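**Q** The sequence and its predicted three-dimensional model are supplied below.
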Amino acid sequence: MQQLIRCINCNEVYLKTPFDTLPQYDTSSQPFETIEKDDYRDFLQSHRGHRLEDLSIIEDSFVSEKDYIEPVKATYFRATNGKERFVIKKSRERIDEPLKYEVISGDYSLTCLSVSIQSKDIEKQLAAEFKNKPLSKEKVNAFIKTCQRIAETADLRNLERACEESPNPLEMYYKMDEVSLVTLRRNCRHLFEAKKYSDMEAFIQREKEDGVLLLKAKYGIQFSEIKSSEQKPRPSVIRLEEKRIREKR
């Protein structure tokens with residue numbers, strides 16, 4: 001239903017959709033004035049005589065620095081004509097503006113900035129599951145601190161991505177690996193007496209796959225802009241902090 005088109009002469013892109021011919025309504029006049037539109041026709045007229053090509057959007061390449069539901073933001077994705085690969089920026093500055101698409105030079109990558117635990121959710125879940133015989137505040141804090149130490153030393157390359165979805169595309173959830181789970185259980189054995197330890201072991205088993213024990217990784221978008229074929233990329237970080245990145249070849 002959507003077709004991404006690039007003008008080779010101008011290096012401009014246009015996303016053709018079924019909504020291109022929807023009319024506009026001028027609410028300043030009474031009765032409302034209907035303004036007929038055909039955005040695709042206007043694009044073709046602007047690039048008359050130019051060479052055009054279809055681009056295919058590369059799946060799972062969309063990244064953005066804001067939540068999915070945020071309407072005013074910049075989103076980046078990759079597209080290809082079968083030979084070359086392009087980075088497309090989709091953005092708008094106001095909610096009442098149409099989306100703009102532009103080709104940008106260079107490429108982008110995601111870099112993990114931090115790995116954390118869901119400490120508040122862990123505390124709430126423990127309170128709910130042990131409401132008849134609540135755990136002491138000291139025991140809960142000790143358990144959370146153990147989880148934090150595991151998160152601080154986690155290597156995401158060894159962790160499995162969880163199905164848990166975040167409202168922000170730069171937040172991803174991961175499952176603890178077996179080594180981390182063994183460490184967590186071992187610490188619980190020292191923290192809790194026999195019956196409570198059995199309960200905590202069951203709690204870990206229930207929450208490790210898609211519950212409050214998932215680790216949350218926050219990423220930053222790093223963009224490497226290439227000015228010319230003779231100039232090396234100049235890296236810049238779109239959010240959170242500046243980091244050095246290698247030029248992709």
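**A** Yes, it's here.

**Q** Looks to me like Arg206 is in a helix.
**A** Yes. Arg206: assigned to a helix according to DSSP: H, G, I helix; E, B strand; the rest coil.

**Q** give me every residue that touches Glu70.
**A** Listed by C-beta atoms under 8 Å, 6 or more residues apart in numbering, the contact set of Glu70 reads Ser64. Using the backbone N, CA and C atoms, a C-beta is placed for each residue, glycine as well.

**Q** and the gap between it and Ile95?
**A** Glu70 is 10 Å from Ile95, where distance means C-beta to C-beta, to the nearest Å.

**Q** go on, Glu129?
**A** Here Glu129 is placed at a distance of 43 Å from Ile95 (C-beta to C-beta).

**Q** Looking only at neighbour counts, state which of the two leads.
**A** Taking other C-beta atoms under 10 Å, Glu129 and Ile95 do not tie; Glu129 has more neighbours (16 against 7).

**Q** which ones are touching the more buried one?
**A** Residues counted as contacts of Glu129 (C-beta under 8 Å, 6+ apart) are 199, 203.

**Q** Find me the pLDDT at it, would you?
**A** pLDDT, Glu129: 93.

**Q** Could you do Leu113 as well?
**A** pLDDT for Leu113: 95.

**Q** same check, this time on the one 4 residues further on
**A** With respect to pLDDT, Ile117 scores 97.

**Q** Tell me, how many residues neighbour it?
**A** Neighbour count for Ile117, taken as other C-beta under 10 Å: 23.

**Q** Over to the one 5 residues further on?
**A** Counted with other C-beta under 10 Å, residues neighbouring Ile122 total 19.

**Q** and the longest helix seen in the chain, how far from the chain's centre?
**A** Scanning the chain for the helix with the most residues, using DSSP state H, yields helix 137-152. Centre-to-centre, helix 137-152 and its host chain are 27 Å apart (C-alpha atoms, centre = their mean, to the nearest Å).

**Q** Centre-most residue in the chain?
**A** By C-alpha atoms, centre = their mean, the chain has its centre lying nearest to Pro169, at 1.8 Å.

**Q** can you pull the contacts of the residue nearest to that one when sequence neighbours are not counted?
**A** With sequence-adjacent residues excluded and distances taken as C-beta to C-beta, 6 or more residues apart in numbering, Pro169 is closest to Ser64, at 5.2 Å. Shown in contact with Ser64 (C-beta under 8 Å, 6+ apart): 70, 73-76, 169-170.

**Q** Can you tell me how far Ser64 is from Glu102?
**A** Per C-beta to C-beta, Ser64 is found 15 Å from Glu102.

**Q** all strands of this structure, in order?
**A** Counting by DSSP state E, the chain has strands at residues 3-7, 12-16, 24-26, 33-35, 52-57, 63-64, 74-80, 85-91, 100-104, 107-116, 171-174, 215-225, 234-237.

**Q** PyMOL command to pick out the buried ones of the contacts of Ser64?
**A** This is how PyMOL selects the buried members of these, with burial counted by 16 or more other C-beta atoms under 10 Å:
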select buried, resi 74+75+76+169+170
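
**Q** which one of the contacts of Ser64 is nearest Leu55?
**A** Checking the contacts of Ser64 against Leu55 by C-beta to C-beta gives Tyr76 as the nearest, at 14.3 Å.

**Q** farthest pair in the contacts of Ser64?
**A** The largest separation in the contacts of Ser64, counting by C-beta to C-beta, is between Glu70 and Tyr76 at 14.5 Å.

**Q** Let me know the pLDDT of Ile35.
**A** Reading off the model, Ile35 has pLDDT 71.

**Q** Stretch 82-97: end-to-end distance?
**A** Stretch 82-97 has its terminal residues 31 Å apart, counting by C-alpha to C-alpha, to the nearest Å.

**Q** May I see the buried residues of that stretch?
**A** For stretch 82-97, by 16+ other C-beta under 10 Å, it's 86-90.

**Q** Would you mind giving the domain segments of the protein?
**A** Split into domains by automatic domain parsing, the chain comes to 3-104, 112-218.
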